[in-house]
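In: The sequence and its predicted three-dimensional model are supplied below.
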Amino acid sequence: MRDSPPLGFALAQFKGAYILAENLEGLVLVDMHAAHERITYEQLKMKLIDQVPAAQPLVVPIMLDVTDSEANLFENHQDVFGQLGFSISRAGHTVLAIRAVPEVLKKADNAGLVRDVLADLAELGRSDRIAEHIESVLSTIACHGPYGEPASHCR
């Protein structure tokens, strides 16, 4: 067991919800749902790190009235939105048109999120809100994996 993984090697499955494993420290009881959720979350997160999130085009753009300073902030930081899967353009002097949103955020309040990001940019010069919101959604998605199914020995 010299090259044992931290959680050890699976010995048995208990009540369809736990795996009994053995590592260098002794026996370990692993919650299958929590382990599966964590693995799924990390896989989803790695996909996003490797590429721009898939964008969901909107049939009808979200028109967002903004102030002059917010419009200028948008112009100066437009790449921030694009890198995270948004397609936004100016539709007027103080109107932004949200034409596509990150697919994982298609049910979010994207107008509010864009407005909050602009507020962060004005106050802090940067914003992590979109990334945090995406991580929250990924966590929720990861939570809806199979539970109570018999696990294969390799899972």
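Out: Structure received. Residues are numbered from 1 along each chain as shown.
In: Contacts only, for the nearest residue to Lys45 once chain neighbours are set aside.
Out: Nearest residue to Lys45 in three dimensions, chain neighbours excluded: Leu138, at 6.0 Å (C-beta to C-beta, 6 or more residues apart in numbering). Placement of C-beta: from N, CA and C, glycine included. By C-beta atoms under 8 Å, 6 or more residues apart in numbering, Leu138 lies in contact with Tyr41, Leu44, Lys45, Leu48, Val104.
In: what's around the second one, how many residues?
Out: Other residues lying near Leu44 total 18 when counted by other C-beta atoms under 10 Å.
In: Assess the claim that it and Ser136 are in contact.
Out: No: Leu44 is not in contact with Ser136 according to C-beta atoms under 8 Å; the separation is 11.9 Å.
In: pLDDT averaged over the host helix or strand of Lys47 - what is it?
Out: Assigned by DSSP states H and E, Lys47 belongs to helix 32-50. Across helix 32-50, the average pLDDT comes to 76.
In: in what helix or strand does the residue nearest to Lys45 lie?
Out: helix 129-143.
In: and the angle for that helix with helix 32-50?
Out: In terms of direction (axes from the mean of the first three to the mean of the last three C-alpha atoms, to 10 degrees), helix 129-143 departs from helix 32-50 by 140 degrees.
In: How are the strands of the protein distributed by residue range?
Out: Taking DSSP state E as the criterion, the chain contains strands spanning 9-14, 18-23, 26-31, 55-65, 87-92, 95-102.
In: Could you identify which of those strands is most buried?
Out: For the strands of the chain, the largest average neighbour count (mean count of other C-beta atoms under 10 Å) is found in strand 95-102, namely a mean of 20.
In: returning to that earlier point: give the buried residues for the helix holding Lys47.
Out: Met32, His36, Glu37, Thr40, Tyr41, Leu44, Leu48 (16 or more other C-beta atoms under 10 Å).
In: Including distance to Asp79, could the strands of the chain go into a markdown table?
Out: Converted to a markdown table, the strands of the chain look like this (distance: least, C-beta to C-beta, whole Å):
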| stretch | distance to Asp79 |
| --- | --- |
| strand 9-14 | 46 |
| strand 18-23 | 44 |
| strand 26-31 | 41 |
| strand 55-65 | 15 |
| strand 87-92 | 11 |
| strand 95-102 | 15 |
